[in-house]
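Novice: predicted model follows, preceded by the sequence.
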Amino acid sequence: QVQLRESGGGSVQAGESLRLSCAASGRTFSTYAMGWFRQAPGKEREFVTTISWRGNTNYADSVKGRFTISRDNAKNTVYLQMNSLKPEDTAVYYCAANRGLATRIDTHYDYWGQGTQVTVSS
């Protein structure tokens with residue numbers, strides 16, 4: 001069992017930055033692929049980025065070059081550095097853990113955090 005807790009959300013102006021953190025419980029964190037997804041009001045949850053247990057990363061085209069995912073296995077934490085934020089990045093951001101491969105498909109993930117709100121105003 002893995003429990004995830006996101007933090008770091010908030011309200012910012014367009015062009016500013018935020019860093020989200022996702023703290024995980026459990027001693028097997030380093031073996032999990034981790035992902036970030038987001039859901040805007042009235043829209044379906046969408047893939048943002050993922051990082052494998054080896055550190056390989058994958059990004060949605062909409063965030064490529066602006067967002068960076070990283071992980072610190074010693075701290076059981078995954079991060080999402082978000083730069084050059086845009087109003088269309090406004091959403092609830094969810095951290096997820098997958099015992100399998102690092103994929104873009106949310107149903108492949110086994111554990112989810114409660115989400116953290118990110119609001120970007122123009």
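Specialist: Alright, I've got the coordinates.
Novice: doesn't residue 88 lie inside a helix?
Specialist: Yes. When classified by DSSP: H, G, I helix; E, B strand; the rest coil, residue 88 is found to be part of a helix.
Novice: and it, how far from residue 9?
Specialist: 16 Å (C-beta to C-beta, to the nearest Å). Quick note: C-beta positions are derived from backbone N, CA and C, even for glycine.
Novice: between the two, which one's more packed in?
Specialist: Higher neighbour count among residue 88 and residue 9: residue 9, with 17 against 11, using other C-beta atoms under 10 Å.
Novice: so the closest residue to that one other than its chain neighbours bridges to which residues?
Specialist: Excluding the flanking residues, the one nearest residue 9 by C-beta to C-beta, 6 or more residues apart in numbering is residue 116, at 3.4 Å. On the basis of DSSP bridges, residue 116 takes part in beta bridges with residue 93.
Novice: mind checking pLDDT for the residue most central in space within the chain?
Specialist: In the chain, the centroid-proximal residue (C-alpha atoms, centre = their mean) is residue 36; its distance is 2.4 Å. If you check residue 36, the pLDDT there is 98.
Novice: nothing else from me, thank you.
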